[in-house]
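1. This is a predicted model, with the sequence first.
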Amino acid sequence: MTEAELQAIEARGNAASQAPWAWEKPSEDSGYRGRLMSGGAEAVLERSWCDAQVECSAEDAAFIAHAREDIPQLIAYIRELEERHAAKGLND
């Protein structure tokens, strides 16, 4: 992975809605089928009852929701490893 690719991923993460994200199942009287909520309490993704059917398993919804936290953690870990690498004089 190049530095430019890592920076692009980091920029997309920084621009996304506030973490953490969570999949919210609908209540009986709600007007939606489910929605992905951000830590800022706004809907990141919402599926209404009239939308075309899109399959999303509970596992997929959890993966999507956790990506908002997982990707920044992975980027921070990569940065930490790069710093350790450079400190040991192991630059590419």
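-> Structure received.

2. List the buried residues for stretch 66-81?
-> Buried residues in stretch 66-81, counted by 16 or more other Cβ atoms under 10 Å: 66, 68, 71-72, 75. For the C-beta atoms, the positions are set from N, CA and C on the backbone; glycine is no exception.

3. Next, format these as CSV and append pLDDT, secondary structure and distance to Met37.
-> Formatted as CSV, the buried residues of stretch 66-81 follow (pLDDT from 0 to 100; DSSP: H, G, I helix; E, B strand; the rest coil; distance: Cβ to Cβ, whole Å):
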residue, pLDDT, secondary structure, distance to Met37
His66, 82, helix, 13
Arg68, 83, helix, 11
Ile71, 90, helix, 18
Pro72, 89, helix, 18
Ile75, 91, helix, 23
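
4. Of all pairs in the residues you listed, which one is the farthest apart?
-> Greatest spatial distance among the buried residues of stretch 66-81 (Cβ to Cβ): His66 and Ile75, at 14.5 Å.

5. Quick one: low-confidence residue ranges for this structure.
-> By pLDDT under 70, the weakly predicted segments of the chain are 26-33, 40-57, 92.
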